[in-house]
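Q: My questions are about this predicted structure, shown below with the sequence.
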Amino acid sequence: MARYELLNNIAHKDLRISTRFGPEFGDNVGMVPAFPTEYAELQREYPIFFRKEADGSFQSVALLGFDHRENLFLQGSGWNASYLPGAISRGPFLIGFQEQQVDGELRNMPVIHVDLDHPRVVTGQGEPVFLAQGGHSPYLQHIVGVLNGINDGVEASKGMFAALDALGLIQPLALDVRFDDNHGVNLTGLYGIDRDRLAALDAEELHGLHRAGWLEGVYLLLASIHNMRRLIAEKQRLLREQEGSRAQVA
């Protein structure tokens, strides 16, 4: 059960956050939300797909494994990638909104909240959130950047995904992945960019995507699919290790 509080340097002056990784921190997940503002970084290492939400809208996701609780980027207490998805990097923090007076007007302004029941919240160890004098620590400055990217990404995704869907570019995928002669998986519920439909767009439709700033994201999404090779290779390595362990026990 989450217990969110508005972050401040008095009540939370001694707050520290563990930056290790592992199932105990909830990192054993097969996919995480991906935001357009981080596509350029994500597409270097993660396959990015779409998933349809309950309301019919789309959310892009970075695939981490081939099962709901399989994260192939976890290695011990580390994360085997140079870029950490924002949904993981943010840890126990999120952006909320609070009414504040700005230039004589009452506005909803973004503020940071922290989940004090999150497993990354620790005492006596981990990264300090505030400096001894009360200022933001380098870690919190990083988190502010991550949260701003997520907030901007949420807003960008609304227009981008609606535009792609309207052009018929988001289509369901049938992914039957084989790891070896005895192991495989059929991934369902994922969507991707239809290359044929993209190639069939006329000049006006392409220019509309470019003008809105979505066209680059489309090509980044397509490029990211090549990372399936890496993910499959990691799964094959894991299966070989498991087979070796069973052989030793036998």
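A: Ah, there it is. Numbers count the residues shown, from 1 in each chain.
Q: what comes up buried for the longest helix seen in the chain?
A: Assignment by DSSP state H gives helix 138-166 as the longest helix of the chain. The neighbour-count check on helix 138-166 (16 or more other C-beta atoms under 10 Å) flags 139-140, 143, 146-147, 149-151, 153, 156-157, 160-161, 163-165 as buried. The C-beta positions use only the backbone N, C-alpha and C, and glycine is treated the same way.
Q: Any chance you could list what contacts the helix or strand of the chain with the lowest mean pLDDT?
A: When the helices and strands of the chain are scored by mean pLDDT, DSSP states H and E, strand 93-102 comes last with a mean of 80. Outside strand 93-102, the residues within contact range by C-beta atoms under 8 Å, 6 or more residues apart in numbering are 4, 6-7, 106-115, 143, 147-148, 150-151.
Q: do that again at 6 Å, thanks
A: The set of residues external to strand 93-102 that reach it, using C-beta atoms under 6 Å, 6 or more residues apart in numbering, is 106, 108-114, 143, 147, 151.
Q: Extract the CA atoms of stretch 71-81 and return them as CSV.
A: Output in CSV follows, covering the C-alpha atoms of stretch 71-81 (Å, rounded to 0.1, in the frame of the first residue of the first chain):
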residue,chain,number,x,y,z
ASN,A,71,13.5,-9.0,-16.3
LEU,A,72,16.5,-10.1,-18.4
PHE,A,73,18.3,-6.9,-17.6
LEU,A,74,18.6,-7.8,-14.0
GLN,A,75,22.0,-9.2,-13.1
GLY,A,76,22.5,-9.7,-9.4
SER,A,77,22.0,-6.2,-7.8
GLY,A,78,22.8,-4.4,-11.1
TRP,A,79,21.0,-3.4,-14.3
ASN,A,80,22.8,-4.6,-17.5
ALA,A,81,22.1,-1.5,-19.7
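Q: For this structure, which segments count as helices?
A: 39-42, 86-89, 138-166, 195-200, 203-212, 215-224, 228-249.
Q: measure Asp194 to Gly213 for me?
A: According to C-beta to C-beta, to the nearest Å, Asp194 and Gly213 sit 20 Å apart.
Q: burial of Leu239, as a residue count?
A: Using other C-beta atoms under 10 Å, Leu239 is surrounded by 14 other residues.
Q: Tell me who's in contact with it.
A: Applying C-beta under 6 Å, 6+ apart to Leu239 gives the contacts 179, 183.
Q: What's the local residue count around Pro36?
A: For Pro36, the neighbour count with other C-beta under 10 Å is 25.
Q: doesn't Gly217 make contact with it?
A: Yes - the pair Pro36 / Gly217 is scored as a contact, 5.1 Å apart, by C-beta atoms under 6 Å.
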